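Q: Sharing a model prediction with you, sequence too.
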Amino acid sequence: MGQWGAVAAGHETGGDPRVAALGRAVRRMRRELDAYPADLRDRREAERELDVLAATVHSGAPAPEELRHSLLLLAAAVGSVSALAPPLAAVREAVELFGTAPRATH
């Protein structure tokens with residue numbers, strides 16, 4: 001079973017629905033990025049971060065701060081491409097399911 005199949009299988013076995021939602025969003029983002037025909041300067045970085053997110057999903061125990069870091073790098077890599085805005089927004093929404101960063105207190 002490939003990496004993506006394992007993600008789908010985790011959802012069927014009653015895993016964390018947040019992880020399943022993140023897996024769906026990452027797969028969609030990967031499909032949309034792969035289908036985007038134009039040359040993107042930061043495509044490799046986006047692909048690397050999608051790989052990181054997919055591995056995190058596969059592990060079943062994503063750390064919110066790591067998810068946010070990957071999201072920031074992914075957004076920096078593809079954020080200016082309007083055609084990729086909807087799948088990027090889906091990844092952002094899935095990451096937000098894991099909570100917000102704690103606020104620093106002074």
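A: That came through, no problem.

Q: Distance check, residue 39 against residue 81.
A: In this view, residue 39 and residue 81 are 11 Å apart by C-beta to C-beta, to the nearest Å. (C-beta placed from N, C-alpha, C; glycine too.)

Q: okay, those two: which has more neighbours?
A: Neighbour count, other C-beta atoms under 10 Å: between residue 39 and residue 81, residue 81 has more, with 17 against 6.

Q: quick one: that one from residue 66, how far?
A: From residue 81 to residue 66 the distance is 24 Å (C-beta to C-beta).

Q: ditto for residue 33
A: Distance, residue 33 to residue 66, by C-beta to C-beta: 20 Å.

Q: Tell me which of the two has more neighbours.
A: Taking other C-beta under 10 Å, residue 33 and residue 66 do not tie; residue 33 has more neighbours (21 against 14).

Q: Which residue is the nearest non-sequential neighbour of that one?
A: In this structure, residue 33 finds its nearest non-sequential neighbour in residue 46, 5.9 Å apart by C-beta to C-beta, 6 or more residues apart in numbering.

Q: Which strand or helix spans that neighbour?
A: helix 43-59 (DSSP states H and E).

Q: packing partners for that helix?
A: Contact partners of helix 43-59 among helices and strands, from 3 or more C-beta pairs under 8 Å, 6 or more residues apart in numbering; DSSP states H and E: helix 3-12, helix 17-35, helix 64-78.

Q: residue contacts, the spatially most central residue of the chain?
A: Nearest to the geometric centre of the chain sits residue 26, at 4.1 Å (C-alpha atoms, centre = their mean). Applying C-beta atoms under 8 Å, 6 or more residues apart in numbering to residue 26 gives the contacts 7, 50, 53, 54, 57, 91, 94.

Q: between these, which is closest to residue 19?
A: Nearest to residue 19 among the contacts of residue 26: residue 57, at 5.8 Å, using C-beta to C-beta.

Q: hang on, the closest one packs against residue 21?
A: No. Between residue 57 and residue 21 there is no contact under C-beta atoms under 8 Å: 9.7 Å.

Q: The two: who's more crowded?
A: For the pair residue 57 and residue 21, the greater number of neighbours falls to residue 57 (30 against 19), based on other C-beta under 10 Å.
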